[in-house]
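Enquirer: sequence first, then the predicted structure, then my questions.
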Amino acid sequence: MMADSSTIEVFRSRLTEKGYEDLAKALRSDELMKSHTSFRVGGPAQIYSEPSSKEEIIALIDTAKALGLPFFLMGNGSNLVISDDGIDGLVIRLGENFSEISSEQDPDDPEAVLVTACAGTLLIRLSSFAAKASLTGLEFASGIPGSLGGAVFMNAGAYDHDMSEVIEKVTAISPSGEIKVWNKEDLDLGYRKSRFMAEGGIVCEAVLRLKKGDADEINSQIRTYTEKRTKSQPLNFPSAGSMFKRPVGHYTGALIEQAGLKGFSIGGAQVSEKHAGFVINKGDATAKDIDDLVKHIQKTIREKFDVELQREVRFIGRGFQ
């Protein structure tokens, strides 16, 4: 369904009435989501917005609810496949407009610094900020292409480290629309999970507790991780990183390779020949190609090894369940 002009005009009118005239003017209709996902696939969003404050996010959500429109919030689009047919309702993207970073000395620990960042901040930028300040704890995130909000939402990680190690507290919009602050112990952080994933809510900001460290050691560790990624991951193709969660007792890439699926393609989607845990877009993949390939991998692994692979990447939009 394409956005009809009356819907977006009513949306703009409602926002303007709330005092958000600039936000209303910046709304876009039928924005192609392939431009906003690392997989480079995805049809049009009915209405698209890039807010710059928590208050603007709430105004957008309240307006969508009042008009009976669904809404979806995204960050850098690095863990998403959006349907070729697009997505109904409102897409809220937290990006450059929502990416401030600041820091202050931890009053309780002279060896620690509290770094506060908005949800749209890229992890690569945040890791670089920490490294330049000689702060250790985020080296593992130096090559993760996502944004902070998504990283908190799914407790992203790499190389046996994850966000739970550095999160101090999170400011989020609750499912009921309230701005609340959750301390780390209340976030139910586990392997690729958080309370937000289970209960809903929109991550707006996080405070990270990082330790003062040696700049040379920090940068050396980042270089080591970068070299590992370059050697083992298909960074020259559009993808969403690891397609599946790691099943208990197994390594996903090894299972897929043992099943003979390394290099297997459906349309423009392919199991990477460099790392079988990655599905890549060879250049002309559709969201359907990717979905069909993922289903084939899951079916094959289930039949050969009696192991159920769970998707780590989210499939969103018309036609996806």
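Expert: Thanks, I have the structure now.
Enquirer: what segments of the protein are helices?
Expert: 5-17, 21-26, 54-66, 123-132, 148-154, 195-199, 215-232, 252-258, 287-305 (DSSP state H).
Enquirer: how far does the fourth one sit from its chain's centre?
Expert: Going back to what we said before, that points to helix 123-132. 17 Å (Cα atoms, centre = their mean, to the nearest Å).
Enquirer: and if you look at the last one?
Expert: For helix 287-305, the separation from the chain centroid amounts to 22 Å (computed by Cα atoms, centre = their mean).
Enquirer: contacting residues around that helix?
Expert: 39, 41-43, 81-84, 243-244, 250, 255-256, 258-259, 261, 264-271, 279, 281, 307-309, 311, 315, 317, 320 (Cβ atoms under 8 Å, 6 or more residues apart in numbering). In short, each C-beta sits where N, CA and C put it, glycine included.
Enquirer: ok, of those residues, which come out buried?
Expert: Neighbour counting with 16 or more other Cβ atoms under 10 Å marks 39, 41-43, 81-84, 243-244, 255-256, 259, 261, 264, 266, 268-271, 279, 281, 307, 309, 311, 315, 317 as buried within these.
Enquirer: out of those residues, list just those in strands.
Expert: Mapping those onto strands (DSSP state E) picks out Val81, Ile82, Ile266, Ala269, Gln270, Val271, Val279, Asn281, Phe315.
Enquirer: which of the residues you listed sits closest to Lys34?
Expert: Checking these against Lys34 with Cβ to Cβ, the nearest one is Ile82 at 7.7 Å.
Enquirer: give me the pLDDT for that closest one.
Expert: In this model, Ile82 is scored at 98, pLDDT.
Enquirer: re earlier: farthest-apart pair in the ones in strands among the buried ones among the contacts of helix 287-305, please.
Expert: Checking these with Cβ to Cβ, the most distant pair is Ile82 and Val271, at 20.8 Å.
Enquirer: returning to what we had before: out of the ones in strands among the buried ones among the contacts of helix 287-305, who's nearest Ala24?
Expert: Ile82 (24.2 Å).
Enquirer: I'd assumed Arg40 was in contact with the closest one.
Expert: No: at 10.5 Å, Ile82 does not count as touching Arg40 under the criterion of Cβ atoms under 8 Å.
Enquirer: overlap in contacts of the two?
Expert: Lys34.
Enquirer: from memory Gln46 sits against Leu27, does it?
Expert: No: Gln46 sits out of contact with Leu27 when judged by Cβ under 8 Å, with a separation of 10.6 Å.
Enquirer: so those two - more neighbours on which side?
Expert: Between Gln46 and Leu27, counted using other Cβ atoms under 10 Å, Gln46 has the larger neighbour count: 23 against 19.
Enquirer: what ranges does the stretch 101-250 of the chain have for its strands?
Expert: Secondary structure of the stretch 101-250 of the chain by DSSP state E, counting those that start in this stretch: the strands cover 101-105, 112-118, 135-136, 157-158, 161-162, 167-173, 179-183, 202-212, 239-242.
Enquirer: mean pLDDT, distance to Leu15 and mean neighbour count for these - can I get that in JSON lines?
Expert: Compiled in JSON lines, the strands of the stretch 101-250 of the chain are given as follows (pLDDT from 0 to 100; distance: least, Cβ to Cβ, whole Å; neighbours: other Cβ atoms under 10 Å):
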{"stretch": "strand 101-105", "mean pLDDT": "97", "distance to Leu15": "28", "mean neighbour count": "13"}
{"stretch": "strand 112-118", "mean pLDDT": "97", "distance to Leu15": "21", "mean neighbour count": "20"}
{"stretch": "strand 135-136", "mean pLDDT": "98", "distance to Leu15": "39", "mean neighbour count": "20"}
{"stretch": "strand 157-158", "mean pLDDT": "90", "distance to Leu15": "37", "mean neighbour count": "18"}
{"stretch": "strand 161-162", "mean pLDDT": "94", "distance to Leu15": "37", "mean neighbour count": "18"}
{"stretch": "strand 167-173", "mean pLDDT": "96", "distance to Leu15": "17", "mean neighbour count": "21"}
{"stretch": "strand 179-183", "mean pLDDT": "96", "distance to Leu15": "19", "mean neighbour count": "14"}
{"stretch": "strand 202-212", "mean pLDDT": "97", "distance to Leu15": "18", "mean neighbour count": "22"}
{"stretch": "strand 239-242", "mean pLDDT": "94", "distance to Leu15": "32", "mean neighbour count": "23"}
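Enquirer: want to try TSV for the ones you listed, with distance to Thr63 as columns?
Expert: As requested, these are exported to TSV (distance: least, Cβ to Cβ, whole Å):
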stretch	distance to Thr63
strand 101-105	29
strand 112-118	21
strand 135-136	39
strand 157-158	35
strand 161-162	35
strand 167-173	14
strand 179-183	17
strand 202-212	15
strand 239-242	30
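Enquirer: which of the ones you listed sits closest to Thr7?
Expert: Taking the strands of the stretch 101-250 of the chain one by one with Cβ to Cβ, strand 202-212 is closest: 22.4 Å.
Enquirer: ok and that closest one relative to strand 112-118, angle-wise?
Expert: Angle, strand 202-212 to strand 112-118, by axes from the mean of the first three to the mean of the last three Cα atoms, to 10 degrees: 160 degrees.
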